[in-house]
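Asks: Quick one: sequence and predicted model below, then my questions.
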Amino acid sequence: MDVKDSNGNVLKDGDSVQVIRDLKVKHSSVTLKRGTVIRNIRLGEGDEAVGGNSDKVKGLRLKPEFLKKV
């Protein structure tokens, strides 16, 4: 199964992605701002198919429709 970003580009393990809108992080007071880059992503299964780390939050699980490939 291919995982695609908001623009329809296919994502692979190790890619860098950018957040396209402000996202609140569950169980934290941190908000990921639009334009935040997440490097070295890992692909998984299910709704939240993209995993990665940002500077502020470790162990993020994100939906690919909120990301674009850099």
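Replies: Nice, thanks for sending it over.
Asks: Now the phi/psi pair for the residue most central in space within the chain, please.
Replies: Nearest residue to the geometric centre of the chain (Cα atoms, centre = their mean): Leu62, 4.6 Å. The phi/psi pair for Leu62 (degrees, to the nearest 10) reads phi -130, psi 150.
Asks: now it, which residues is it bridged with?
Replies: Beta-bridge pairing for Leu62 (DSSP bridges): Val50.
Asks: show me what contacts it?
Replies: 19, 23, 38, 48, 50-52 (Cβ atoms under 8 Å, 6 or more residues apart in numbering). C-beta here means a position set from N, CA and C on the backbone, and glycine is covered the same way.
Asks: Could you do Lys63 as well?
Replies: Contacts of Lys63 by Cβ under 8 Å, 6+ apart are 47-50.
Asks: How about Leu23?
Replies: With Cβ under 8 Å, 6+ apart, Leu23 has these contacts: 31-32, 62, 66.
Asks: among those residues, which ones are buried?
Replies: 32, 62, 66 (16 or more other Cβ atoms under 10 Å).
Asks: hmm, back to that, can you list which of the contacts of Leu23 are found in strands?
Replies: 31-32, 62 (DSSP state E).
Asks: got TSV for the buried ones among the contacts of Leu23, with distance to Asp15 too?
Replies: TSV is the format used below for those (distance: Cβ to Cβ, whole Å):
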residue	distance to Asp15
Leu32	17
Leu62	13
Phe66	15
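Asks: Gly8: which of the residues you listed is nearest?
Replies: Relative to Gly8, the closest of the buried ones among the contacts of Leu23 is Phe66; by Cβ to Cβ it sits at 14.2 Å.
Asks: for this protein, what are the low-confidence residue spans?
Replies: By pLDDT under 70, the chain has no low-scoring segment.
Asks: mind listing the strands for this structure?
Replies: 17-19, 23-24, 31-32, 37-43, 50-53, 60-62, 67-69.
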